[in-house]
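# sequence first, predicted model second:
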Protein chains: 4
Amino acid sequence: MKNIVILGASGYTGAELVRLLAGHPEIRISALGADRKAGMAYGDVFPHLRHLDLPILRTIEEIDFSPVDLVFCALPHATSQRVIKALPPHIKIVDLSADFRLRDVDEYAKWYGGPHAALELQKTAVYGLTEFYREDIKSARLVAGTGCNAAAGLLPVLPLLKAGLIDPEEIIIDLLTGASGAGRGAKEGMLHAEVSEGAHAYAIASHRHLGEFDQEFSKMAGREVRVSFTPHLLPQNRGILATIYVRGEAEALHAALAAQYKNEPFIYVLPFGQAPATRHVRGSNYCHIGVAADRRDGRAIVFSALDNLTKGSSGQALQNANIMLGLDEQLGLEMVPLFP
Amino acid sequence: MKNIVILGASGYTGAELVRLLAGHPEIRISALGADRKAGMAYGDVFPHLRHLDLPILRTIEEIDFSPVDLVFCALPHATSQRVIKALPPHIKIVDLSADFRLRDVDEYAKWYGGPHAALELQKTAVYGLTEFYREDIKSARLVAGTGCNAAAGLLPVLPLLKAGLIDPEEIIIDLLTGASGAGRGAKEGMLHAEVSEGAHAYAIASHRHLGEFDQEFSKMAGREVRVSFTPHLLPQNRGILATIYVRGEAEALHAALAAQYKNEPFIYVLPFGQAPATRHVRGSNYCHIGVAADRRDGRAIVFSALDNLTKGSSGQALQNANIMLGLDEQLGLEMVPLFP
Amino acid sequence: MKNIVILGASGYTGAELVRLLAGHPEIRISALGADRKAGMAYGDVFPHLRHLDLPILRTIEEIDFSPVDLVFCALPHATSQRVIKALPPHIKIVDLSADFRLRDVDEYAKWYGGPHAALELQKTAVYGLTEFYREDIKSARLVAGTGCNAAAGLLPVLPLLKAGLIDPEEIIIDLLTGASGAGRGAKEGMLHAEVSEGAHAYAIASHRHLGEFDQEFSKMAGREVRVSFTPHLLPQNRGILATIYVRGEAEALHAALAAQYKNEPFIYVLPFGQAPATRHVRGSNYCHIGVAADRRDGRAIVFSALDNLTKGSSGQALQNANIMLGLDEQLGLEMVPLFP
Amino acid sequence: MKNIVILGASGYTGAELVRLLAGHPEIRISALGADRKAGMAYGDVFPHLRHLDLPILRTIEEIDFSPVDLVFCALPHATSQRVIKALPPHIKIVDLSADFRLRDVDEYAKWYGGPHAALELQKTAVYGLTEFYREDIKSARLVAGTGCNAAAGLLPVLPLLKAGLIDPEEIIIDLLTGASGAGRGAKEGMLHAEVSEGAHAYAIASHRHLGEFDQEFSKMAGREVRVSFTPHLLPQNRGILATIYVRGEAEALHAALAAQYKNEPFIYVLPFGQAPATRHVRGSNYCHIGVAADRRDGRAIVFSALDNLTKGSSGQALQNANIMLGLDEQLGLEMVPLFP
């Protein structure tokens, strides 16, 4: 039995980790960290988890890390790097913040608005896109979970760049995302009265996950790749749907994706021409990918759908933690999607 | 042409007033007041109103009240009483806060947690339930808009108490309300991710609108009346549905309500046995009332539906302002409900 | 390993059974029955289940019942009784329809509009409210699942009648229910454009689940009990919230409920004064119960929340099936609620 | 005072016409046509309109067309052409179906699956995109309302093709649409339980509104233009958001759109870099257009938002009818958007 701690447990990704770990046979939660809500029973913060026998929330200072094997760090970026730097060296870490995703410190400063405070650690971090970094993750001490939008864009596009089947200069990622991705912080723009019954684009040509797209796409293509990326907020809680416009032969793209993912437990490539729906992956660790021909010759449309809190963050984090701890990668992650 | 000012224009009730006044032929908005957002163009605060030619937001201190006929005060309670006390005496006021609703200063202190700062004004204020105080409103300087939940409970029940048709000791008001009633302030509990796909009761046996129920029901019945009242939050933005359980003969209740409201422009009593729906009054100043027999003899169920931002607050406020200004009561209020 | 069949697998309760059974270690789905959709792959009917290895849909005639231990029958009422009557005698049955819930054939005819076609079977059926009929269920061949609304009303009220703590003449059950309870059949009134952003009462004083309330409450009280019951449709997919107004001492009611359910795995009585929320049980087999004092002396408000597709139908069905098959009652049912 | 008839009044576009006409000072509804619901009071079909004094629904055969100036035909395609062909010649017609949108009979047959039954009429019909066909509409007998998605794509793109500012070979229209666009017919896929909390693409590379895009874009560009178009269904009732990826200089595009629409009463071009939201046009006849630079040089993203039932169909229809009847184009259309 492995002992883990969740820091930043009072947010949605923290609660999602607790949900997943409740069904995990080999991992025990030894502490739950929070700052503002320290001292509270977890079931008072998240009443849907009230039936679980969980430790009360503690500040980081109050937590005994000595018996701990791994920490999930679900803190805000900038805070995360400071906290992780101070963790005892025997502890493995899965960080769900943005702090260790970008290899290039200048890119980090550009997208996140300040210098990095844990440069040495940043160099050693492994990018948490399991399907592409599984071997590195096995031996990593620190794995940086991907952005949820980044995961939705990378999973369907990376195999196509790898196979050289699409024009890297013409990739447009149009993305729909739900409200839980913005976290549990109280913001006017995320109120029910503001979000429901409407849709709009945000962070046009400037979303921070572009840093991850640039890094991973360029690395895979062996040249600089700059995609266009437009996220939209829509009135659903969980779910990201990426609609990706590319130049390439649709059937070849489909074949490449099917081949790439045929043995992956959580990636499901739909029959050619079918499009995924966020409601069909809700609450699960699955990513559904679809490919259709555009009506313009030589163009294709690639879709992916995943749950931002599961495969997009906490599910991915647990998948990586399982690997880091030498456990079966799928433990705790075999929930069926919840529909309707 | 009358000149009005809206104070607290950066909230939902303020925006609703602007929406209604945009179609009003006899009223001109001479200033829009806000505090934190002073200096902003109104269309930047509420982009759905960007096509209107509106003054920019100003602090109260910046507003010239000399040409102003009437002020709509949509400020938080406690703030409202201080601001209204300082307004020039020539100005009529419709207050949308809770500050002047309760006649009894002890009741005010009990429900709102502190002493009242404008006791003289409080004595002169008229309760803004138009259908019952129309004559007093005509000559009032200060009208206190009702609570939105209070309106939904008072309109169907007051005529029944007036007619002596129900047992005043057995009134249960079960109420469903939408998210906009909580205002535009950023609160964790009002996030889309918290409110959507769920329902729960809140403020059980302790909601502040009970003060209004107690005052108005007791006055009408000529004895102390204490109702049971349980509001629930549900995932809709606009709309209150009250389901009211009473002891009385259903058909007699229906007849009394139909008689009471037969000449009211905004109250619509449905055929016996039919129940109203919030979606059928959305965006309008209508209140739909229905009556059905309970399956237990001598019991009835009375329903009302209204839009909390319109008939429940800003529409009611404009209806009262029209009366106070000697205008046609229905001006600016004849919008058809928006469905779907 | 036990073999089961789901008849009526193309509806929401069928899909919910498949979701639950996917994580069940002792039960194998040997056939899935449907009529109109026979021949289709299950993943084409419910794409959220496409990753599961499931039999294709078959008509009842095509299914080999010889190796089958238990049938879940999720067919419409009236159809259900005819199908169940024809099943081989070695098969146990959990029926999710209304056909075998009412002991009194006249009551059945009254609420369901026609004579019963399987009178002999009806006499032997056990009512599927697990917490009250567990011993009978153990040896039953046919268990009749409760109505989802009925479950939400019975679980919090039966212990109070049993203890004689409330006045059986003054029970009002006000209930909020989501859209999935109406099933997957295409109906104008259940379209997204009709249901979202609104709420209304339906089946006032005439809902069919009244038959179950009458039967179970009267039996428990030892006298005829007729409750008032008003369901409302609101824009959520899963979840029932019952708000129940009773005459009785709130703290005593709370104590009785806590005592009744202290060893029940799926019933959770909240601390006194707290109210449950449907979003906190979504996707799970839990029922949360709360009790608060009314402001009127000697009155109390009792709340319950459950997921209509899980504890209200398919989860309850599996719980009963586990008991009937001699398995651990909780197998396949320990999913944590999904929030947000 | 002009007399109009609405055929197909039992659908959402019919009800929207009634809503708009309720506030129109120069138009009177002389009959409301329906087939299946003939004989019903309109308030029973659409209870949100119950306070209006409206004729009961009639079959077409029962309607006296002699005093009628104009017919709004909101019937399904194929039906529409047969009905319109039989109308008396003195009557002007605004058709909201797809029947008269396409000039090329082969294109009609290709997209709508059968030959056209009113070829002579089809030749004389004017395409109802008011901002581009206003002069033709003035003297037209028959105006063919645009598809709602088509309007959302044409309004922002046509001026750019007209000005030669974008590459006609690289236009990608990604579109989000709400549930009311599918009409009031009962379909499994449009149930609340199916649509809410999810998003998916549909009609990929095959949506019928492509016929309109091809026709209008090619005509404007003076060469064959084939755009890529992917609509998505999302959980909102009203609203279309188009996100359009083009090759061109963003600031020049913005200037061209601002110039094109500076005198249009219902088209509002946002400041450069801002994106519209469907919630900000809900219930109104406005179309908001925005332009932002892509991060890739020489690329831009153009957005438009409109309400599919208003500017996308019934509002556009009334705007055209006003022109055809010699009335002020804006009559009945100056409703402020409803938010929240």
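Perfect, I can see it now.

# residues from chain A in reach of chain C?
Residues of chain A lying near chain C by Cβ under 8 Å from any Cβ of the partner chain: A:12, A:15, A:18-19, A:22-23, A:46-52, A:179-180, A:196-197, A:237-238, A:268, A:270, A:277, A:279-284, A:286, A:334-340. The C-beta positions use only the backbone N, C-alpha and C, and glycine is treated the same way.

# now the buried members of the residues you listed.
Neighbour counting by 16 or more other Cβ atoms under 10 Å in any protein chain shown classes A:12, A:15, A:18-19, A:22, A:46-51, A:179-180, A:196-197, A:237-238, A:268, A:270, A:277, A:279-284, A:286, A:335-340 among the residues of chain A next to chain C as buried.

# out of these, which are inside strands?
Mapping these onto strands (DSSP state E) picks out A:Tyr268.

# the strands in the stretch 1-150 of chain A, which residues?
Taking DSSP state E, counting those that start in this stretch, the strands of the stretch 1-150 of chain A run over residues A:2-7, A:27-33, A:57-58, A:70-73, A:92-95, A:126-127, A:142-144.

# C:Ala144: which of those is closest?
Closest to C:Ala144 of the strands of the stretch 1-150 of chain A is strand A:27-33 (Cβ to Cβ; 40.1 Å).

# who's in contact with that closest one?
Around strand A:27-33, the neighbours that count as contacts under Cβ atoms under 8 Å, 6 or more residues apart in numbering or on different chains are A:1-9, A:14, A:18, A:21, A:42, A:54-60, A:63-64, A:67-68, A:321, A:325, A:327, A:331-332.

# run the last query once more with 7 Å
Residues from elsewhere that reach strand A:27-33 (Cβ atoms under 7 Å, 6 or more residues apart in numbering or on different chains): A:1-9, A:18, A:21, A:42, A:54-55, A:57-60, A:63, A:67-68.

# buried subset of those residues, written for ChimeraX?
ChimeraX command restricting these to the buried ones, with burial defined by 16+ other Cβ under 10 Å:
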select /A:2,3,4,5,6,7,8,9,18,21,42,54,55,57,58,60,63,68
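
# now the one helix or strand A:Leu161 maps to: buried residues?
For A:Leu161, the host element (DSSP states H and E) is helix A:148-162. By 16+ other Cβ under 10 Å, the buried positions in helix A:148-162 come out as A:148-161.

# from B:Val157, how far off is the closest residue to chain C within the stretch 51-200 of chain A?
Closest contact between the stretch 51-200 of chain A and chain C, by Cβ to the nearest Cβ, is at A:Ser180 (5.1 Å). A:Ser180 sits 40 Å away from B:Val157, going by Cβ to Cβ, to the nearest Å.

# what residues are up against whichever residue of the stretch 1-150 of chain A sits closest to chain B?
Closest to chain B within the stretch 1-150 of chain A is A:Tyr12: 7.0 Å, counting by Cβ to the nearest Cβ. A:Tyr12 is in contact with A:180, A:183-184, A:309, C:340, counting by Cβ under 7 Å, 6+ apart.

# within reach of chain B, which of those residues are there?
Near chain B, judged by Cβ under 7 Å from any Cβ of the partner chain, the entries from these are A:180, A:184, C:340.

# for A:Ile56, see how far away the nearest residue to A:Ile63 once chain neighbours are set aside is.
Once flanking residues are discounted, A:Ile63 sits nearest to A:Ala31: 4.5 Å by Cβ to Cβ, 6 or more residues apart in numbering or on different chains. Counting by Cβ to Cβ, the gap from A:Ala31 to A:Ile56 is 9 Å.

# the more surrounded of these two?
Each of A:Ala31 and A:Ile56 has its neighbours counted (other Cβ atoms under 10 Å in any protein chain shown); A:Ala31 has more, 23 against 17.

# of the ones next to chain B among the contacts of A:Tyr12, list those near chain D.
Contacts with chain D within the ones next to chain B among the contacts of A:Tyr12, counted by Cβ under 7 Å from any Cβ: none were found.

# and which of the residues you listed is nearest B:Ala256?
Checking these against B:Ala256 with Cβ to Cβ, the nearest one is C:Pro340 at 44.8 Å.

# surely A:Val227 is in contact with A:Leu175?
No. Using Cβ atoms under 7 Å, A:Val227 is not in contact with A:Leu175; the gap is 11.0 Å.

# how about the contacts of A:Tyr12 in TSV, adding pLDDT?
As requested, these are arranged in TSV below (pLDDT from 0 to 100):
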residue	pLDDT
A:Ser180	97
A:Gly183	96
A:Arg184	97
A:Leu309	98
C:Pro340	97
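
# what number of residues lie near A:Ala86?
Neighbourhood size, A:Ala86 [other Cβ under 10 Å]: 10.

# quick one on the thing from earlier: how about JSON lines for the strands of the stretch 1-150 of chain A, with distance to A:Ala109 added?
Below are those laid out as JSON lines (distance: least, Cβ to Cβ, whole Å):
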{"stretch": "strand A:2-7", "distance to A:Ala109": "24"}
{"stretch": "strand A:27-33", "distance to A:Ala109": "27"}
{"stretch": "strand A:57-58", "distance to A:Ala109": "32"}
{"stretch": "strand A:70-73", "distance to A:Ala109": "21"}
{"stretch": "strand A:92-95", "distance to A:Ala109": "18"}
{"stretch": "strand A:126-127", "distance to A:Ala109": "18"}
{"stretch": "strand A:142-144", "distance to A:Ala109": "16"}
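
# export these as CSV, with columns for mean pLDDT.
Listed next are the strands of the stretch 1-150 of chain A as CSV, based on pLDDT from 0 to 100:
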stretch, mean pLDDT
strand A:2-7, 98
strand A:27-33, 98
strand A:57-58, 98
strand A:70-73, 98
strand A:92-95, 98
strand A:126-127, 98
strand A:142-144, 98
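
# out of those, which is closest to D:Asp167?
Nearest of these (Cβ to Cβ): strand A:126-127, 35.4 Å.

# rounded mean pLDDT for stretch A:296-308, please.
Confidence over stretch A:296-308 (mean pLDDT, whole number) is 97.

# quick one: that stretch near chain D?
Yes. Using Cβ under 7 Å from any Cβ, stretch A:296-308 reaches chain D at A:296, A:299, A:301, A:303.

# you'd agree A:Ala186 is in a strand?
No. Looking at A:Ala186 with DSSP: H, G, I helix; E, B strand; the rest coil, it is coil, so not inside a strand.

# grab the nearest non-local neighbour of it.
Nearest residue to A:Ala186 in three dimensions, chain neighbours excluded: B:Ala186, at 4.0 Å (Cβ to Cβ, 6+ apart).

# could you check whether stretch A:108-122 is close to chain D?
No. Judged by Cβ under 7 Å from any Cβ, stretch A:108-122 stays clear of chain D, getting no closer than 12.5 Å.

# alpha carbons of that stretch, as PDB, please.
Output in PDB follows, covering the C-alpha atoms of stretch A:108-122 (Å, rounded to 0.1, in the frame of the first residue of the first chain):
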ATOM      1  CA  TYR A 108       7.800  29.900 -18.900                       C
ATOM      2  CA  ALA A 109       8.500  33.600 -18.100                       C
ATOM      3  CA  LYS A 110       6.700  34.700 -21.300                       C
ATOM      4  CA  TRP A 111       3.500  32.700 -20.700                       C
ATOM      5  CA  TYR A 112       3.300  32.900 -16.900                       C
ATOM      6  CA  GLY A 113       4.600  36.400 -16.300                       C
ATOM      7  CA  GLY A 114       7.600  35.900 -14.100                       C
ATOM      8  CA  PRO A 115      10.800  34.000 -13.500                       C
ATOM      9  CA  HIS A 116      10.800  30.400 -12.400                       C
ATOM     10  CA  ALA A 117      11.800  29.800  -8.800                       C
ATOM     11  CA  ALA A 118      12.900  26.200  -9.100                       C
ATOM     12  CA  LEU A 119      15.000  26.000 -12.200                       C
ATOM     13  CA  GLU A 120      16.900  22.900 -11.200                       C
ATOM     14  CA  LEU A 121      13.700  21.000 -10.700                       C
ATOM     15  CA  GLN A 122      12.300  22.300 -13.900                       C
END
